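Enquirer: quick one, structure for this:
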Amino acid sequence: MNSEEPQTRGDVGHGALVGLAFHMVGIPAVLAAAAALDHLLDGSSISFFGLAFVYVGVTQWVYMLPAYLIFSKRGAPKGFLKGLVLAAVVLFLLNAGCLGTIGVGFQNSH
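Expert: Residues are numbered from 1 along each chain as shown. Modelled structure (predicted):
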């Protein structure tokens with residue numbers, strides 16, 4: 001690689017794309033684990049699948065925090081790590097916005 005060529009593996013966009021890939025694999029995996037837990041605890045009044053689905057912005061930390069720590073430990077560039085965090089924050093804010101909209105809708109329906 002030429003020294004004048006921009007390095008793209010360490011930029012924020014690359015980290016965000018890797019974070020998006022983690023979401024595409026991690027969210028179904030977390031939901032499958034929650035569904036399996038629901039099946040094991042058949043008589044439970046708590047739906048772990050429902051909680052994991054509704055609070056996906058929080059449950060993403062099951063896979064995003066270890067990914068961040070592993071990439072950080074292996075010396076990933078700061079821009080890449082910022083992209084991972086950006087992907088996590090965007091999902092969290094989208095989830096929070098949807099929950100807020102649904103909550104306001106339920107409050108106004110009574």
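Enquirer: for Met64, the count of nearby residues, please.
Expert: For Met64, the neighbour count with other C-beta atoms under 10 Å is 21. (Glycine included, C-beta is placed from N, CA and C.)
Enquirer: tell me the contacts of it?
Expert: Met64 makes contact with Gly19, Phe22, Gly26, Leu84, Ala87, Ala88, according to C-beta atoms under 8 Å, 6 or more residues apart in numbering.
Enquirer: where's the third one relative to Leu91, distance?
Expert: Distance check for Gly26 against Leu91: by C-beta to C-beta, to the nearest Å, it reads 10 Å.
Enquirer: next, show the common contact partners of those two.
Expert: Jointly contacting Gly26 and Leu91 under the rule C-beta under 8 Å, 6+ apart are Gln60.
Enquirer: which parts of this protein are helices?
Expert: 12-40, 48-54, 56-59, 61-73, 78-108 (DSSP state H).
Enquirer: let's have those helices in CSV, adding mean pLDDT.
Expert: CSV is the format used below for the helices of the chain (pLDDT from 0 to 100):
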stretch, mean pLDDT
helix 12-40, 92
helix 48-54, 85
helix 56-59, 87
helix 61-73, 94
helix 78-108, 85
